[in-house]
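Trainee: One predicted model, sequence on top.
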Amino acid sequence: MFSKTNAPKTNGNSGKAEAAAVMDAATAKRTTPRTVSTAPSIFGRDIVITGDIKTDGEIQIDGRLEGNVSAAIVTVGENGAVNGTIKADKVHIRGKVQGKVNAMSVDLAETANVQADLTQDDLSIANGAFFDGKCSRKTQAPTPLKAAKKSA
């Protein structure tokens, strides 16, 4: 609403130039993307959510989610359970997941119980983790594998 500029005023068309600068600054503020909070949103053990969750930040699920989740980073805690689709850049699973997971990186801890189809580029499965599902890469291999030639 109010603005103050520290630029010295001069005669002539400087008023128009100052007004344009104020308008450009106001436009820049409206088009600037939201900043992502550094602290994750945490859903405790006693929370049950039926529905979808969408955030640009990080989320940790220690309760139960009956629905889909979309976030930058998703962590399913040891006591957490998700029945739905997870879409994120990174997914860390320590609890139960049923459905689908679509991420750049998926990490299954030794306590993970996953009955889902995974689509990812990086996959890590710890000893003791349970995984039952289909696993596919988001991107193709840079060079196709060729059949080994028989030596004569």
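Mentor: Cool, got the structure.
Trainee: Thought Ile49 was touching Glu66, still the case?
Mentor: Yes. The pair Glu66 and Ile49 passes the contact test of CB atoms under 8 Å, sitting 7.0 Å apart. Backbone N, C-alpha and C define where each C-beta goes, glycine included.
Trainee: low-scoring pLDDT stretches of the chain, where are they?
Mentor: Scanning the chain for pLDDT under 70 picks out the ranges 1-37, 141, 144-152.
Trainee: so where do the strands sit in it?
Mentor: All strands of the chain, identified by DSSP state E, fall at 41-43, 48-50, 53-54, 58-61, 64-66, 69-70, 73-76, 81-93, 96-108, 113-120, 122-125, 130-131, 135-137.
Trainee: Let's have the ones you listed in JSON lines, adding mean neighbour count and distance to Thr143.
Mentor: Shown next, in JSON lines, are the strands of the chain (neighbours: other CB atoms under 10 Å; distance: least, CB to CB, whole Å):
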{"stretch": "strand 41-43", "mean neighbour count": "16", "distance to Thr143": "41"}
{"stretch": "strand 48-50", "mean neighbour count": "11", "distance to Thr143": "44"}
{"stretch": "strand 53-54", "mean neighbour count": "14", "distance to Thr143": "37"}
{"stretch": "strand 58-61", "mean neighbour count": "22", "distance to Thr143": "35"}
{"stretch": "strand 64-66", "mean neighbour count": "19", "distance to Thr143": "40"}
{"stretch": "strand 69-70", "mean neighbour count": "20", "distance to Thr143": "33"}
{"stretch": "strand 73-76", "mean neighbour count": "24", "distance to Thr143": "31"}
{"stretch": "strand 81-93", "mean neighbour count": "20", "distance to Thr143": "26"}
{"stretch": "strand 96-108", "mean neighbour count": "20", "distance to Thr143": "21"}
{"stretch": "strand 113-120", "mean neighbour count": "19", "distance to Thr143": "20"}
{"stretch": "strand 122-125", "mean neighbour count": "14", "distance to Thr143": "19"}
{"stretch": "strand 130-131", "mean neighbour count": "15", "distance to Thr143": "28"}
{"stretch": "strand 135-137", "mean neighbour count": "11", "distance to Thr143": "14"}
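Trainee: which non-adjacent residue is nearest Lys134?
Mentor: For Lys134, ignoring the flanking residues on the chain, the nearest one in space by CB to CB, 6 or more residues apart in numbering is Asp117 at 4.5 Å.
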